[in-house]
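Engineer: Predicted model, plus sequence, below.
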Amino acid sequence: MSSGDKVTPLRPKRPCPECGKPSAREHYPFCSARCKDIDLNRWLKGAYVIPGRDGEEEEDDAPKPSPSLEDED
């Protein structure tokens, strides 16, 4: 390789999702251990939540009770 060849990075440069500074290779996609720990703390506290389904939909998915023997008279 000549000195003029450009090396393609393995990962694209992205800003840190916490503070917006350029990301660091050792903490990717974060810029520092501090920002990485802030994100981990949010996960552990439950700040990142995937919304569940409404209660009505859950009732439709529940197994239906089987007919009792008394109803067959």
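Structural biologist: Perfect, I can see it now. Residues are numbered from 1 along each chain as shown.

Engineer: Pull out the buried residues from stretch 28-46.
Structural biologist: Pro29, Phe30, Cys31, Ser32, Cys35, Lys36, Asp39 (16 or more other C-beta atoms under 10 Å). (C-beta placed from N, C-alpha, C; glycine too.)

Engineer: Of those residues, which belong to helices?
Structural biologist: Among these, DSSP state H puts Cys35, Lys36, Asp39 in helices.

Engineer: What is the burial count for the closest residue in space to the first one that isn't next to it in sequence?
Structural biologist: The reference is to Cys35. Once flanking residues are discounted, Cys35 sits nearest to Glu18: 3.9 Å by C-beta to C-beta, 6 or more residues apart in numbering. If you count neighbours by other C-beta atoms under 10 Å, Glu18 ends up with 17.

Engineer: Use 44 as the first number from now on
Structural biologist: Let's use 44 as the start, then, which means that last one is Glu61.

Engineer: Contact partners for Glu61?
Structural biologist: Counting by C-beta atoms under 8 Å, 6 or more residues apart in numbering, Glu61 makes contact with Phe73, Cys74, Cys78, Ile81, Asp82.

Engineer: Any chance of those in TSV with distance to Lys56 and pLDDT as columns?
Structural biologist: Shown next, in TSV, are those (distance: C-beta to C-beta, whole Å; pLDDT from 0 to 100):
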residue	distance to Lys56	pLDDT
Phe73	13	95
Cys74	11	95
Cys78	16	97
Ile81	21	96
Asp82	19	96
